[in-house]
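Visitor: this one's structure only:
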């Protein structure tokens, strides 16, 4: 991500902080765990229908092609969270668990982590709450200590927030 992209992600994170509760649960040289919670005014089933279409909400500046419409997600085990454009493609993640309306989990070393040989797991839990849905997004990264993953928390946290704030906002709008 460019410095401009990082600055924009931080600005969006600051402006939208009221929309989500975020916590860096672990920041160590060999591991990073970030959690975000979003209250959505849609049912878990409605939220799921938005969640499995990242092409509708994922920020374009967090794609390889610069166009979120090139994204797709196949919501079942071994399904690809992929990006395809012109004659190129990228795998952002691979689904390892899908419980429609309840949980989506995929292995994903997103963005610059892809070339670092780290392991990433993204889990999105959806649960009925207060007439809507509580979405809990947890991103876990692990690698060897030379990666200094914990030092990356200030950059990773607002990016994860930005990616899933788009989901939460669209799911809430879709329920109206």
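Guide: Nice, thanks for sending it over. Because the structure is a prediction, the values reported are computed rather than measured.
Visitor: where do the strands sit along this protein?
Guide: Here the chain has its strands, by DSSP state E, at 20-28, 31-40, 71-73, 80-85, 88-99, 103-107, 119-129, 132-142.
Visitor: count of residues packed around residue 45?
Guide: When neighbours are defined as other CB atoms under 10 Å, residue 45 has 13 of them. C-betas here are computed from N, CA, C, even on glycine.
Visitor: can you start the count at 35 instead of 1 from here on
Guide: Done: numbering now begins at 35, and the last item shifts to residue 79.
Visitor: which one of the strands of the chain lies closest to residue 188?
Guide: Closest approach to residue 188 among these (CB to CB): strand 54-62, 8.6 Å.
Visitor: who does the longest helix anywhere in the chain touch, helix- and strand-wise?
Guide: Secondary structure of the chain per DSSP state H: the longest helix is helix 187-208. On a contact count with 3 or more CB pairs under 8 Å, 6 or more residues apart in numbering; DSSP states H and E, helix 187-208 meets helix 37-49, strand 54-62, strand 65-74, helix 78-85, strand 166-176.
Visitor: so for that helix, what gets flagged as buried?
Guide: For helix 187-208, the neighbour count (16 or more other CB atoms under 10 Å) marks 187, 190-206 as buried.
Visitor: ok, now stretch 132-148?
Guide: Buried residues in stretch 132-148, counted by 16+ other CB under 10 Å: 132, 135, 137-140, 142-145, 147-148.
Visitor: what of stretch 148-163?
Guide: 148, 150, 152, 154-160.
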